[in-house]
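**Q** From the sequence below, what's the structure:
(2 chains)
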Amino acid sequence: MKKILTTPISDGDIANIKTGDIIYLSGVVGTARDDGHRRVVEGNRLPAFDLKGAAVMHVGPIVAGDSEHGYEIIAAGPTTSRRMEVYEKEFIQKTGVKLIIGKGGMGQKTADACKTYKALHCVFPGGCAVTAAAAVEKVLGVEWEDFGMPEAFWILQVKEFGPLIVSIDTRGDNLFAHNNAVFQERKDAAIAEIIKHVDFSHR
Amino acid sequence: MSHAFVKRVSFWACEESKTISPNSQKRIKKLKNSSPDQPRQKLSDAIYRLIYDSSINLPTDVYSALKELEKNETSALAKELYGSIFDNVKRAKEMNRPICQDTGALQFFIKAGTKFPYLDDVEDAIKAAVRRATKEIPIRPNVVETFEERNTGDNIGTRAPWMEWEIVPASSDLTVGVYMAGGGCSLAGRSKVLMPLEGYAGVVKFVFDTIVEWGVNACPPLIVGIGIGTCAPTAAALSKKALLRPLGTSNPNPKARDMEERIKKGLNDIGIGPLGMSGNSSVTGVNIEYAAHHPATIAVGLSVGCWATRRGSVTLDRNVDVKGEK
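**A** This is a model prediction of the structure:
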C-alpha cells in the first residue's frame, strides 16, 4: 500500500519512516534552489507563504502561462540537492519544512538538521520531469520572480507526488553516505585491476 | 532588424558596382528571385525542429542502452527507478513536453560546408530558433548573464547559445548539432593536466574519483566522455567530442578501445545504479577521444551525460532542404 504523507506534516507523521522507504506526498510544496536558499539564510528573508509543515523541493520548473491567465507546470524534475548543502540546515530551521525533495544525496550538516528539527530528505527520480508535473494539481502562487523562472519560489499543490525515496530520516541516517562508502571500496578494486593493463610506456 | 539582414541590404545597395564578383551577382539575383527571407526562415525552422525533437525524444542509441541495463537489473529499487524513467520518457513523447525540465544552456556544433550559400545567416537563425523554442516548446530559460547574474529569459546571452564551428572544405551542406546538457551532469565535468609519470593510471584514477564523487548527482546511468591530450582545454574539448559520439561505437585505436571497455566494466562493477541509488550498473557507455600530447604533460578531460542525454543533428543541403536527421 502506498504510504502517503499529507501537509501540514507533524513530527509524528514521519517518526517511523526510514531511509530506503518509498513515500508519496499530497499537499503543498515550495520550490527553492541556490538563490532561494541564499535569500532565506543570508538575506534573512522568508517567503510570504508559510512553509511550516510543508515540503521544499529543489527544482527549477518549466512554467507556461502568466499571472493573469494562470500558470501551468510543464516539467518539474528535481535538481542536485548537494548544491544547497551549505544552507539547508538554516533553511529547515527558519522555514519549518518537514520534507526536502531533490536528487542525489546531502551531507552531514543536513543529516544533523533532519535529526534535530525532525525532517526528511527524499529523492524524486532525477530527469522524470513530466511525471512530476503530472502530479501538480495547481500553482498556488509565485514569489521572488526577480530570480527568473528556474530560481523563483513557486508554490505548488500536489497530489500523490512521488515516488519519493527517503535518503535521510529523522534519526539522521543517510542512505547516500552508506552507499558512498560501498562505492569507494569497489572503486579502489576497479582501479587496481585496470591500471595493470594501461601502461603504454617504454622501459 | 537583425545584423545579417542589414548586411544583406547593404550588399544589394551596391549591386550595380563593378566590385562584385560574378558569383556574388548570381547569388544576389537568386536571392532577389525568391523571397529574400525564405531560405533564412527555412534554416531557422529546421533548427527549431531540431531543438524540439531533441528536447522531447531520447536518441535511439541512448534509449536502447537504458533498456539493456533495465533488463539486466536485479535490485527491486533500481527496477522501480527504471520504471519511473521509462514512464517519463513515454509521457514526454505523448504530451510533447521536454523529457527533463533542465533543457540546458544550449550548445551547438556546426559543420559548415564552405559552399553552403547561407553561412552568414546561421548564427542569427540559431538564435531565432532558440528564442522561439524558449517560448513555444517551451524549454526553460537557462541563461544567466555573467557578472549581471540575471536570467536573460530567452536563453540568449554573451556567447550563449554556445557555438562551435568546423569548416568542411568543398561541401555545400550544413550540419547543425545540438546538445542540451543539464546542470547536474555538467557539474561533474573536470579537466586536469597530469605529469607523464602519472601516466594512464593517473587518467583512470581521475575518471573513477570524479565519477564516484559527482556521478551520483548527475542522474546515472551516465555516458562518460574522456579526452586525452596536452592541456586542460584540449582534453576538455575532446571529452565533449567523446561524449557526443554515439553509444555502441568504439575508438578505432585498439588500445583506446580496450581502455574504454575496461573503464566501462570497472564503473559498472561499482554499481552506482539508476539515480545513484545502487544497482547492477553505472554507465551506458564510455567513449575516449585523444590527440597526441606534449612529452611533459598528459591531460585528461571528463564530460558526463545523464541518463536523459539529449543530443541530435540535422543536415541541410544548399537549398536548405533537410538531407538527414540524427
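
**Q** For the closest residue to chain A within the stretch 51-200 of chain B, name its beta-bridge partners.
**A** Of all residues in the stretch 51-200 of chain B, the one sitting closest to chain A is residue B:151 (2.7 Å; C-beta to the nearest C-beta). For every residue, glycine as well, the C-beta is placed using N, CA and C. According to DSSP bridges, the residues that bridge with residue B:151 are residue B:144.

**Q** quick one, what contacts it?
**A** Neighbouring residues of residue B:151 by C-beta atoms under 8 Å, 6 or more residues apart in numbering or on different chains: A:147, A:148, A:149, A:150, A:151, B:141, B:142, B:143, B:144, B:145.

**Q** Are any of these buried, and if so which?
**A** Buried residues within the contacts of residue B:151, counting neighbours by 16 or more other C-beta atoms under 10 Å in any protein chain shown: A:147, A:148, A:149, A:150, A:151, B:141, B:142, B:143, B:144.

**Q** Residue B:311 belongs to a strand, doesn't it?
**A** Yes - applying DSSP: H, G, I helix; E, B strand; the rest coil, one finds residue B:311 inside a strand.

**Q** and it, what does it touch?
**A** Contact analysis of residue B:311 by C-beta under 8 Å, 6+ apart lists B:54, B:59, B:177, B:178, B:179, B:180, B:244.

**Q** and if you look at residue A:42?
**A** residue A:87.

**Q** helices or strands up against the helix ranked longest in chain A?
**A** Taking DSSP state H as the criterion, chain A has its longest helix at helix A:175-194. Applying 3 or more C-beta pairs under 8 Å, 6 or more residues apart in numbering or on different chains; DSSP states H and E, we find helix A:175-194 packed against strand A:153-168, helix B:199-214, helix B:254-270.

**Q** which other helices and strands contact the helix or strand where residue B:87 lies?
**A** In the assignment (DSSP states H and E), residue B:87 maps to helix B:76-95. The contact analysis (3+ C-beta pairs under 8 Å, 6+ apart) places helix B:76-95 against helix A:129-134, strand A:153-168, helix B:60-71.

**Q** The helix or strand just after that helix packs against which elements?
**A** As assigned by DSSP H and E, the chain's next helix or strand after helix B:76-95 is strand B:107-113. Strand B:107-113 sits against helix B:122-136, strand B:162-168, strand B:174-180, with contacts defined as 3+ C-beta pairs under 8 Å, 6+ apart.

**Q** what about the first one, distance to the chain center?
**A** If I follow you right, that is helix B:122-136. In terms of C-alpha atoms, centre = their mean, to the nearest Å, the centre of helix B:122-136 is set 16 Å apart from its chain centre.

**Q** Tell me which other helices or strands it touches.
**A** For helix B:122-136, the elements it packs on are helix B:3-13, helix B:38-56, strand B:107-113, strand B:174-180, judged by 3+ C-beta pairs under 8 Å, 6+ apart.

**Q** can you list the residues that contact stretch A:106-119?
**A** Residues contacting stretch A:106-119 (C-beta under 8 Å, 6+ apart): A:11, A:14-15, A:81-82, A:84-86, A:88-89, A:92-93, A:96-100, A:120-121, A:167-174, A:176-177.

**Q** Please identify the buried residues of it?
**A** A:106, A:107, A:110, A:111, A:113, A:114, A:117, A:118, A:119.

**Q** got the CA coordinates for the helix or strand containing the third one in PDB?
**A** Take DSSP H and E as the rule and residue A:110 turns out to sit in helix A:108-117. Included here for helix A:108-117 are C-alpha records, laid out as PDB according to Å, rounded to 0.1, in the frame of the first residue of the first chain:
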ATOM      1  CA  GLN A 108      26.300  15.500   7.400                       C
ATOM      2  CA  LYS A 109      25.100  19.000   8.200                       C
ATOM      3  CA  THR A 110      21.700  18.400   6.600                       C
ATOM      4  CA  ALA A 111      21.500  14.900   8.200                       C
ATOM      5  CA  ASP A 112      22.100  16.600  11.600                       C
ATOM      6  CA  ALA A 113      19.400  19.100  10.900                       C
ATOM      7  CA  CYS A 114      16.900  16.400   9.900                       C
ATOM      8  CA  LYS A 115      17.600  14.800  13.300                       C
ATOM      9  CA  THR A 116      17.400  18.000  15.300                       C
ATOM     10  CA  TYR A 117      14.400  19.500  13.600                       C
END
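
**Q** what about the following helix or strand past it, distance to the chain center?
**A** Remark: after helix A:108-117, the chain's next helix or strand is strand A:120-123, criterion DSSP H and E. Strand A:120-123 sits 6 Å away from the centroid of its parent chain (C-alpha atoms, centre = their mean).

**Q** So strand A:120-123, near chain B or not?
**A** Yes - residues of strand A:120-123 contacting chain B under C-beta under 8 Å from any C-beta of the partner chain: residue A:123.

**Q** Name the residues that touch that strand?
**A** A:14, A:17, A:23, A:78, A:81, A:98-106, A:110-111, A:114, A:164-170, B:275, B:277.

**Q** residues contacting residue B:301?
**A** Residue B:301 neighbours (C-beta under 8 Å, 6+ apart): B:190-191, B:226-229, B:232, B:234-240.

**Q** on that earlier part again, nearest to residue B:47, of the buried residues of stretch A:106-119?
**A** Set against residue B:47, the nearest of the buried residues of stretch A:106-119 by C-beta to C-beta is residue A:106 (39.1 Å).

**Q** circling back: I'd like the contacts of residue B:151 as a markdown table, with distance to residue B:166 appended.
**A** Listed next are the contacts of residue B:151 as a markdown table, based on distance: C-beta to C-beta, whole Å:
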| residue | distance to residue B:166 |
| --- | --- |
| A:147 | 37 |
| A:148 | 33 |
| A:149 | 33 |
| A:150 | 31 |
| A:151 | 35 |
| B:141 | 28 |
| B:142 | 25 |
| B:143 | 24 |
| B:144 | 28 |
| B:145 | 27 |
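
**Q** what does stretch B:133-146 rub up against?
**A** Stretch B:133-146 is contacted by residues A:60-62, A:64, A:74-75, A:148-150, B:48, B:51-52, B:55-56, B:96-98, B:101-106, B:150-158, B:160-161, B:180 when judged by C-beta under 8 Å, 6+ apart.

**Q** repeat that for 6 Å
**A** The contact list for stretch B:133-146 (C-beta atoms under 6 Å, 6 or more residues apart in numbering or on different chains) reads A:62, A:64, A:149-150, B:48, B:51-52, B:55, B:98, B:101, B:103, B:105, B:151-155, B:157, B:160.

**Q** Filter those residues down to the buried ones.
**A** Taking 16+ other C-beta under 10 Å as the criterion, what is buried in those is A:62, A:64, A:149-150, B:48, B:51-52, B:55, B:98, B:101, B:103, B:105, B:151-152, B:155, B:157, B:160.

**Q** quick one: the closest residue to residue A:11 other than its chain neighbours and residue B:190, what's the gap?
**A** Spatial nearest neighbour of residue A:11, excluding adjacent residues (C-beta to C-beta, 6 or more residues apart in numbering or on different chains): residue A:118 at 4.4 Å. To residue B:190, residue A:118 is 37 Å away according to C-beta to C-beta, to the nearest Å.

**Q** how close does residue B:280 sit to chain A?
**A** With distances taken as C-beta to the nearest C-beta, to the nearest Å, residue B:280 is found 12 Å from chain A.
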